[in-house]
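Visitor: I'll drop the sequence and a predicted model, then ask my questions.
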Amino acid sequence: MTTCDFCGRQESDDAATLTWTTSVEHGRRKTYCDTCSRTHLRAMEGKLDTEFW
Ligand SMILES: [Zn+2]
């Protein structure tokens, strides 16, 4: 069972979680579902963009 740390979505199918993203932030392991991965990546890109200003 994998749980998305962003929206709380749970997925018990290992094959379905292959598209999920795992990242380590502040020493903690975070897991994001495919939908949130896209949202999260976009948010991170947005942050990068903001740093340029
Ligand atoms: Zn999610």
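Guide: Sure thing, it's come through. Numbers count the residues shown, from 1 in each chain.
Visitor: for burial, what's the neighbour tally of T3?
Guide: For T3, the neighbour count with other C-beta atoms under 10 Å is 13. (C-beta placed from N, C-alpha, C; glycine too.)
Visitor: do you know the pLDDT at it?
Guide: pLDDT recorded at T3 is 95.
Visitor: please apply the same query to the one 10 residues further on.
Guide: Note on D13: pLDDT of 94.
Visitor: give me the neighbour count for it.
Guide: D13 has 9 neighbours, counted by other C-beta under 10 Å.
Visitor: how about the secondary structure of it?
Guide: Assigned with DSSP: H, G, I helix; E, B strand; the rest coil, D13 falls in the coil class.
Visitor: pop out the phi and psi values for it.
Guide: Backbone torsions for D13, taken as degrees, to the nearest 10, come to phi -90, psi 110.
Visitor: so what's T2 up against?
Guide: 10-12, 17, 20, 31 (C-beta atoms under 8 Å, 6 or more residues apart in numbering).
Visitor: where in this protein is pLDDT low?
Guide: Applying pLDDT under 70 to the chain flags residues 47-53.
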